[in-house]
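Visitor: Coordinates only, no sequence provided:
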């Protein structure tokens, strides 16, 4: 059976207004890309990379009696070897801010306010976010209000992300009230990490381009064809060649990026695109903290081939329109390449 595919439209470019801001980011002065993950590469930016990595901080909990059935839960944290964390006073929604929490109970409550000594100062991080970094020995105090005169035990947790190794620390504790006295028992930290996925220390949007002019004027080439599979079905093979340091979002990205690479066909009963996508080489999932992403993503930064199964549901002749769609970065344009699938006299 002869197989051919007809290119209908080479480039139909639409610019998504929602993403226009990324052009500004992409055009900004770039800094070298450093992969920060829970590995040797991440640790290399510590003050002394030869020092043991498992002692980045010390934390100690205690109780202060404030009178009138009020106490203060005191947490003193000291950092080693250049480690740091984000203050609970940071004016953002970071998930790894330093926090002290109690399990819900009717025996003791904790005020929302944090007392921080010394008070941290707001600054701008690598991704342009405002944050209060804590790098020196710091004391946190939260007020506890006793609601019961009976003996009790309430569990709690101190949690925070320690940087730059990006591990989520959880230190459990119990608050005891016995014979009219309140005291705290601290336990070893939980052996748990949130950085199984590598973290980009410098966002892809802030990484240096190989050639800015090329990335803006001719960021990619796309070639595609149809090949027969061993199961007598067909596959569409698309080769994406990136130029000048351009990049795009892989179809393997699990989060809901509207601009990730995809192939669509118009609604019909005769031809569908299978879900068993093959990406060669396969992209890796990373955490990109840029505000446009702020989570896991599979960036495609090199020439890549995609194989999409094509499934025929009829032997009747048909003509069906389709599109290859993706956002090319950092140019930030939505690329739409029209395709016409024709099946006539047994030829696709």
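Guide: Structure's in. What do you need? Source: prediction; values computed, not measured. Residues are numbered from 1 along each chain as shown.
Visitor: low-scoring stretches of this structure, by residue?
Guide: 1-54, 191-196, 230-232 (pLDDT under 70).
Visitor: Pop the domain breakdown of it in here.
Guide: 6-33+202-343, 36-196 (automatic domain parsing).
Visitor: Could you check how far the last one is from the centre of its chain?
Guide: Average the C-alpha atoms of domain 36-196, do the same for its chain, and the two points are 23 Å apart (C-alpha atoms, centre = their mean, to the nearest Å).
Visitor: Likewise for the longest one?
Guide: The chain centroid and the centroid of domain 6-33+202-343 are separated by 19 Å, computed with C-alpha atoms, centre = their mean.
Visitor: Just put the domains of the chain in a markdown table and tack on mean neighbour count.
Guide: C-beta: built from backbone N, CA, C; applies to glycine. Formatted as a markdown table, the domains of the chain follow (neighbours: other C-beta atoms under 10 Å):
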| stretch | mean neighbour count |
| --- | --- |
| domain 6-33+202-343 | 16 |
| domain 36-196 | 15 |
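Visitor: if I look at residue 134, how far off is residue 160?
Guide: Distance, residue 134 to residue 160, by C-beta to C-beta, to the nearest Å: 9 Å.
Visitor: Report the set of residues contacting both of these two.
Guide: 85-86, 98 (C-beta atoms under 8 Å, 6 or more residues apart in numbering).
Visitor: my guess is residue 167 contacts residue 161, does it?
Guide: Yes - at 7.0 Å, residue 167 counts as touching residue 161 under the criterion of C-beta atoms under 8 Å.
Visitor: State the phi and psi torsions of the residue nearest the centre of the chain.
Guide: Closest residue to the average C-alpha location of the chain: residue 295 at 1.8 Å, with C-alpha atoms, centre = their mean. Note on residue 295: its backbone torsions stand at phi 170, psi -170 [degrees, to the nearest 10].
Visitor: is it in a bridge, and if so with what?
Guide: For residue 295, the beta-bridge partners are residue 288 (DSSP bridges).
Visitor: do residue 337 as well
Guide: Applying DSSP bridges, one finds that residue 337 bridges with residue 324.
Visitor: Pull up the gap between it and residue 262, please.
Guide: 11 Å.
Visitor: Please enumerate the shared neighbours of these two.
Guide: Contacts common to residue 337 and residue 262, judged by C-beta under 8 Å, 6+ apart, are 324-325.
Visitor: and residue 133, what is it in contact with?
Guide: Residue 133 makes contact with 84-87, 120, 123, 125, according to C-beta under 8 Å, 6+ apart.
Visitor: what bridges to it?
Guide: residue 86.
Visitor: circling back: quick one, what contacts the residue nearest to the centre of the chain?
Guide: 255, 287-288.
Visitor: swap in residue 220?
Guide: 240-243, 246, 248, 328, 335.
Visitor: Just give me the closest of those residues to residue 348.
Guide: The nearest member of those to residue 348, counting by C-beta to C-beta, is residue 240 at 22.1 Å.
Visitor: isn't that closest one right next to residue 261, touching?
Guide: Yes - if you go by C-beta under 8 Å, residue 240 and residue 261 touch, sitting 7.3 Å apart.
Visitor: For the stretch 1-150 of the chain, just list every one of the strands.
Guide: Remark: strands assigned in the stretch 1-150 of the chain by DSSP state E, counting those that start in this stretch are 6-7, 12-14, 35-36, 57-67, 70-79, 85-86, 99-102, 108-110, 115-117, 122-124, 130-134, 138-146.
Visitor: Can you work out which other helices and strands pack against the longest one?
Guide: Looking back up the chat, that one is strand 57-67. Judged by 3 or more C-beta pairs under 8 Å, 6 or more residues apart in numbering; DSSP states H and E, strand 57-67 is in contact with strand 70-79, strand 138-146, strand 152-162, strand 167-178, strand 181-186.
Visitor: Need those strands in TSV (columns: distance to residue 226).
Guide: Output for these, formatted as TSV (distance: least, C-beta to C-beta, whole Å):
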stretch	distance to residue 226
strand 70-79	58
strand 138-146	62
strand 152-162	48
strand 167-178	47
strand 181-186	64
